[in-house]
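>>> I need the structure of the sequence given here:
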Amino acid sequence: MPLFGELFVSEILGKSVLDPMGDDLGRVKDFIVVKGDPLPRISAIVLEKKKDFFKLEWDNIGIFNKRIISANVYSSNIVPYEFSEDELLIVRDVLDKQIVDANGAKVVRVNDVKFGGINSYAYLTDIDVGVRGILRRLGMEKRGENIYGIFGRNIPHNLIRWNYLQPLEPKLTTITLTVPRQMLSALHPADIADIISRVSHEEGSTLFEGLDPNVAAEALHELEPDAKKAIIQSLDKELASDIVERMAPDEAADLIGDLPPEKAKELLESIEKEEAEDIQELLVHEEDTAGGLMTNEFIAYSSELLLSDVIEKFKMDAHSVENVYYIYVIDENKKLIGAISLKDLLLSSPSVYLSEIMETKLKTVTADTDQQSVAELTSKYNLLAVPVIDDEGVLLGVVTIDDIVDFLLPPLSKKRRRKV
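Now for the predicted structure:
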């Protein structure tokens, strides 16, 4: 069917469809979309006449453009139509719906849909998420162009290709702009969290399931507590456990501490024993203390190691630790006796022992030190991390600078840790 120039849904809605004699078959109410190659295409037009609805198959359309729509059949050949949730309708299911723009890392709204003609069919080529789409639907696009022109500006065209769209739900009632898993996973976890926080829990869960597990673990921490709980509880146990295992222990403790006891117990029992023990250790600390901020992931070696051996061990061990700013030095009883920065590690001779270059005058806190004191200590001495020790001097964990920032400028995911 001929399509002349750009053609948008808003330009067709409400127009009369004429039969071969020029009689009115009804006005355009909606469009039924089916899977096409290379893009989805219109299979039929839904017409409304005297509050009744009819289905006009695309193959029965003669002319289809902005000025006239005509059919090759008479009213006796079009059948009554009943709306079904199993079909994708442009007006009902696409217009005004929120979608996720992965390229822009933001949530936008569908203001219009663009058609394109390929092999006598009308295909859905783009969605309009800009001001033009709104003005076009109001019948004010030309007027808007004139107003913008007074100020020497043009109304931007903000179109997103339809081939980035895919349904979020089986019944196709909501959609999201997404791309293959690896492309969405390439976004910064904070951007992913921002996107998920702007859609429903159900849509967010669907997006979340498509993420790389490592990215999902990072993004989950950025969400507010209610969103985190809703998403982790919506996932099957295997996927939820996989994601929790990939989280830093302190972040996993934050999450599990917010879950209902039965769900928390289920997750702790389904993850690796070592990870579960690390999380359990952190759950016993009050949230407003150094113990509530710290992670028990850190790197600590014996003072008797040569730096060359330290470097080799570090290359292997650092993969499993989220943030490393210092290498801590402990004795045979795991008591903290020193530390070395990564800078000093790299600038020192590989042939010296760790004990020869370690800093022994350390600033430490205990697990029950309040968070404000930890933050003040970090600021006063320009530290990137503060070791947390027990009464015997045993190294329990580390409060890193990012934990301090979270305390001073709480993210949406700031929560109250509850013992499990």
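>>> where exactly do the strands run in the stretch 151-300 of the chain?
Using DSSP state E, counting those that start in this stretch, the strands of the stretch 151-300 of the chain run over residues 159-161, 165-167, 175-177, 300-302.
>>> please read the previous query as pertaining to the stretch 1-150 of the chain.
7-8, 16-18, 24-34, 41-49, 52-57, 61-64, 69-71, 79-80, 88-89, 98-101, 106-109, 112-118, 121-128.
>>> can I get those strands in JSON lines with mean neighbour count, distance to Glu332 and mean pLDDT?
For glycine as for every other residue, the C-beta is placed from the backbone atoms N, C-alpha and C. Listed next are the strands of the stretch 1-150 of the chain as JSON lines, based on neighbours: other C-beta atoms under 10 Å; distance: least, C-beta to C-beta, whole Å; pLDDT from 0 to 100:
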{"stretch": "strand 7-8", "mean neighbour count": "20", "distance to Glu332": "75", "mean pLDDT": "92"}
{"stretch": "strand 16-18", "mean neighbour count": "19", "distance to Glu332": "87", "mean pLDDT": "95"}
{"stretch": "strand 24-34", "mean neighbour count": "19", "distance to Glu332": "70", "mean pLDDT": "94"}
{"stretch": "strand 41-49", "mean neighbour count": "21", "distance to Glu332": "73", "mean pLDDT": "94"}
{"stretch": "strand 52-57", "mean neighbour count": "16", "distance to Glu332": "81", "mean pLDDT": "95"}
{"stretch": "strand 61-64", "mean neighbour count": "19", "distance to Glu332": "83", "mean pLDDT": "90"}
{"stretch": "strand 69-71", "mean neighbour count": "21", "distance to Glu332": "86", "mean pLDDT": "93"}
{"stretch": "strand 79-80", "mean neighbour count": "9", "distance to Glu332": "85", "mean pLDDT": "92"}
{"stretch": "strand 88-89", "mean neighbour count": "20", "distance to Glu332": "67", "mean pLDDT": "88"}
{"stretch": "strand 98-101", "mean neighbour count": "21", "distance to Glu332": "53", "mean pLDDT": "66"}
{"stretch": "strand 106-109", "mean neighbour count": "16", "distance to Glu332": "54", "mean pLDDT": "71"}
{"stretch": "strand 112-118", "mean neighbour count": "20", "distance to Glu332": "70", "mean pLDDT": "89"}
{"stretch": "strand 121-128", "mean neighbour count": "23", "distance to Glu332": "65", "mean pLDDT": "88"}
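>>> redo those strands as a markdown table? Include distance to Ile311.
Output for the strands of the stretch 1-150 of the chain, formatted as a markdown table (distance: least, C-beta to C-beta, whole Å):
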| stretch | distance to Ile311 |
| --- | --- |
| strand 7-8 | 62 |
| strand 16-18 | 76 |
| strand 24-34 | 59 |
| strand 41-49 | 61 |
| strand 52-57 | 72 |
| strand 61-64 | 70 |
| strand 69-71 | 74 |
| strand 79-80 | 77 |
| strand 88-89 | 58 |
| strand 98-101 | 43 |
| strand 106-109 | 43 |
| strand 112-118 | 58 |
| strand 121-128 | 53 |
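>>> hmm, Thr125 is touching Trp162, no?
Yes: with contact defined as C-beta atoms under 8 Å, Thr125 reaches Trp162; the gap is 5.6 Å.
>>> need the overlap of contacts for those two.
Common neighbours of Thr125 and Trp162 (criterion: C-beta atoms under 8 Å, 6 or more residues apart in numbering): Leu39.
>>> least confident of the strands of the stretch 151-300 of the chain, on average?
Lowest mean pLDDT of the strands of the stretch 151-300 of the chain: strand 175-177, a mean of 46.
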